[in-house]
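*Asks:* Let's see this in three dimensions:
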Amino acid sequence: MSDPDEAADATSETVDSTDPTDPDGGTGTTAPDGGTDTTGTETSAADAATGGQSGSRDRSADVREPATVRSEADPTDTEPADEAEDGSGDAASDLTVRSVTARQTNRWVGVAGLSFLTGGLGVATSTRPLLLAAVVGVTYLAYANVSSAPAPSLSVFREVSDSMPEPGEEVTVTVTVRNTGDRSIPDLRLVEQVPDALSVVEGPARTATALRPGAAVAFSYSVTARRGEFDLDGLTVIVRNASGSEEREYDVATQPTTLTCVPPVDATEEVPLHALTSPYTGRVATDTTGAGVEFASVREYQHGDPLSRLDWNRYARDGSLATMEFREERMATVVLVLDLRPAAYVQSGEDGRNAVERSIDATHRLFNSLLDTGDRVGIAALSEADIWLPPGAGPTHRAEARHLLATHPALSPTPPAERVYVRPALRMLVGRLPDDAQVVFCSPMVDTAAAYVARRLHVRGHPVTVVSPDPTRRDTVGRTLASIERSNRLSDLRASGLRVIDWTDDESLYEALERARRRWSA
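*Replies:* Numbering: from 1, shown residues only. Coordinates of the predicted model:
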């Protein structure tokens, strides 16, 4: 058997089609006075870039410089110093600009070349108009290099229309930036650092403007809420001098505005489980005879048997006493295991959800369904992060699982940067599983490592049911081969005694469970 850690991790790309230096990237509204709103968060970065203005101008610099950030309740206050003196504002907190990069834009390179060419021709041909044109070009070059990009002093105020939206809802984010310094900013470009998992559906998350002292600019954009907890806590600020020959780019950390999206409590139909159970009464029929609902056998009457279990039909027939036995129904202990390796972040098509998102949705529904039927349920993951919720029951346990599946950073819709080493993660998982636990493994089964995990759990005495969202397509030769390999992998697991639910992209989880149940009962 090949080592599962030798499998190559899948990679993902995030393509940003927005150029932060594009002056046409967005439009803003400049307002000298803004309205009062105490529901948002404001930060102020004061004179964060005083270094790097001397020396060679064609040399890029990447330096860290301090910034003062203060939370304020009113973004319209243009005298923060007075507020700090009278003590009526919120407590101040010092933050640091993450990075500052100074560079030349090379906007005037063409003018310089043309000026020297014109001057050279004028000298060579003794043509006075060419010499005058060269003088004009040199004058423009002097104008371009006489000033440098100003050091901004800004305050940032961010507001969201709903901080706890439902999945799929649109949330409008409004960002207000005010020039709190005493110098005008001739060219200011602002780019909101939207988390990769959130897609902007309306309005560019950027603007470009000029700000005089005390003036403010606001821009809005909308994102589609997704399961998880996201912090809007970054802003890219680009400042240019009046001629546009030099710019400074600031990576600014602002006070976070948090979006928390928790899916509703949904459950699917009853989940078919293996016969491995705990000694507590539940709903899983076992081969042990005793009290129950499903008839098992008849035995001779023994003194002390309850009258309700006597076979009265037999007694009426021949006068002999016999006791009926039923299959006992007991509680199952189930651990739902998520495959969070980078290789599992695959999807069918460009617009569909990736397999990990579908697996998390399945885990959420299965968890609620199993709790509703009286089973003890836990959650674990094949991940570098420590994700473990011991099996339990009750409303508090349900709330803990809901919060875990909605907000844990390792359950992000985007793939992790770290590689997951299967063998150590599997050893840790096996050590945590109760002896009577069975496993529901949610994985797209795109490689041999996932099949290895399912088999190892099964042979260690934990019956495994695989819920596998199908991310494959058959529109090209390569994708068809990948789909066939996955189908063969699932067939091998079935041959090894594992239950497999192949969940296609065009059906619901309930339909996949019903199709699998019919196959198992045939």
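*Asks:* What residues sit buried inside stretch 248-262?
*Replies:* Arg248, Glu249, Tyr250, Asp251, Val252, Ala253, Thr254, Gln255, Thr257, Leu259, Cys261, Val262 (16 or more other C-beta atoms under 10 Å). No exception for glycine: its C-beta is placed from N, CA and C like everyone else's.
*Asks:* Check the burial of Ser126 by counting its neighbours.
*Replies:* Ser126: 8 surrounding residues under other C-beta atoms under 10 Å.
*Asks:* Same check on the one 4 residues further on?
*Replies:* In terms of burial, Leu130 registers 18 neighbours under the definition other C-beta under 10 Å.
*Asks:* Touching, it and Gly122? I think so.
*Replies:* Yes - assessed by C-beta atoms under 8 Å, Leu130 is found in contact with Gly122 at 3.3 Å.
*Asks:* quick one: low-confidence ranges for the stretch 1-150 of the chain?
*Replies:* Along the stretch 1-150 of the chain, segments meeting pLDDT under 70 span 1-96, 106-113, 115-116, 134-146.
*Asks:* how close does the residue nearest to Arg456 when sequence neighbours are not counted sit to Arg341?
*Replies:* Leaving aside its chain neighbours, Arg456 sits nearest to Leu426 (6.1 Å; criterion: C-beta to C-beta, 6 or more residues apart in numbering). Distance, Leu426 to Arg341, using C-beta to C-beta, to the nearest Å: 12 Å.
*Asks:* where do the contact lists of the two overlap?
*Replies:* Both Leu426 and Arg341 are contacted by Leu382, under the criterion C-beta atoms under 8 Å, 6 or more residues apart in numbering.
*Asks:* With neighbour numbers in mind, choose between those two.
*Replies:* Arg341 (30 against 19).
*Asks:* contacting residues for the nearest residue to the more buried one once chain neighbours are set aside?
*Replies:* Taking C-beta to C-beta, 6+ apart as the measure, Arg341 lies nearest to Val420, with 4.4 Å between them; neighbours along the chain are not counted. The contact partners of Val420, by C-beta under 8 Å, 6+ apart, come to Asp9, Leu340, Arg341, Pro342, Leu382, Ser383, Glu384.
*Asks:* circling back to that earlier point, could the buried residues of stretch 248-262 go into JSON lines alongside pLDDT?
*Replies:* Formatted as JSON lines, the buried residues of stretch 248-262 follow (pLDDT from 0 to 100):
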{"residue": "Arg248", "pLDDT": "88"}
{"residue": "Glu249", "pLDDT": "91"}
{"residue": "Tyr250", "pLDDT": "91"}
{"residue": "Asp251", "pLDDT": "92"}
{"residue": "Val252", "pLDDT": "90"}
{"residue": "Ala253", "pLDDT": "90"}
{"residue": "Thr254", "pLDDT": "89"}
{"residue": "Gln255", "pLDDT": "88"}
{"residue": "Thr257", "pLDDT": "90"}
{"residue": "Leu259", "pLDDT": "89"}
{"residue": "Cys261", "pLDDT": "85"}
{"residue": "Val262", "pLDDT": "80"}
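*Asks:* Looking at the residues you listed, which one is closest to Arg240?
*Replies:* Arg248 (8.0 Å; C-beta to C-beta).
*Asks:* who does the host helix or strand of that closest one pair up with?
*Replies:* Assigning secondary structure by DSSP states H and E places Arg248 in strand 246-261. In the sheet, strand 246-261 lines up against strand 99-104 (antiparallel), strand 228-240 (antiparallel) (DSSP bridges).
*Asks:* could I get the longest one in PDB with only the CA atoms?
*Replies:* Right, the one you point to is strand 228-240. Extracted in PDB, the C-alpha atoms of strand 228-240 (Å, rounded to 0.1, in the frame of the first residue of the first chain):
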ATOM      1  CA  GLY A 228     -18.100  31.200   8.700                       C
ATOM      2  CA  GLU A 229     -16.700  34.200  10.600                       C
ATOM      3  CA  PHE A 230     -14.900  36.900   8.700                       C
ATOM      4  CA  ASP A 231     -13.000  39.900   9.900                       C
ATOM      5  CA  LEU A 232     -12.900  43.100   7.700                       C
ATOM      6  CA  ASP A 233      -9.800  44.500   9.200                       C
ATOM      7  CA  GLY A 234      -7.500  45.700   6.400                       C
ATOM      8  CA  LEU A 235      -7.200  48.600   3.900                       C
ATOM      9  CA  THR A 236      -4.700  49.300   1.200                       C
ATOM     10  CA  VAL A 237      -3.900  53.000   1.000                       C
ATOM     11  CA  ILE A 238      -2.000  54.400  -2.000                       C
ATOM     12  CA  VAL A 239      -0.900  58.000  -1.900                       C
ATOM     13  CA  ARG A 240       0.700  59.900  -4.900                       C
END
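*Asks:* Show me the domain layout of this structure.
*Replies:* Domain ranges of the chain: 32-105+151-261, 281-330, 333-521, per automatic domain parsing.
*Asks:* out of those domains, which comes closest to Leu114?
*Replies:* That would be domain 32-105+151-261 among the domains of the chain, by C-beta to C-beta, at 15.7 Å.
*Asks:* any idea which element Gly378 lies in?
*Replies:* strand 376-382.
*Asks:* can you pull the buried residues of that strand?
*Replies:* Per 16+ other C-beta under 10 Å, strand 376-382 contains these buried residues: Arg376, Val377, Gly378, Ile379, Ala380, Ala381, Leu382.
*Asks:* neighbours around Ala495, how many?
*Replies:* Residues near Ala495, counting by other C-beta under 10 Å: 8.
*Asks:* before we move on, what about Ser412?
*Replies:* Neighbours of Ser412 (other C-beta under 10 Å): 20.
*Asks:* contacting residues around it?
*Replies:* Ser412 touches Ala197, Gly228, counting by C-beta under 8 Å, 6+ apart.
*Asks:* can you confirm Gly304 is in a helix?
*Replies:* No - assigned with DSSP: H, G, I helix; E, B strand; the rest coil, Gly304 falls outside any helix and is coil.
*Asks:* For Ser320, see how far away it is.
*Replies:* On the measure of C-beta to C-beta, Gly304 and Ser320 end up 18 Å apart.
*Asks:* got it, and Ile501?
*Replies:* Applying C-beta to C-beta to Ile501 and Ser320 gives a distance of 47 Å.
*Asks:* Counting neighbours, go ahead and name the busier of the two.
*Replies:* Neighbours per residue (other C-beta under 10 Å) separate Ile501 from Ser320, with Ile501 holding more: 23 against 10.
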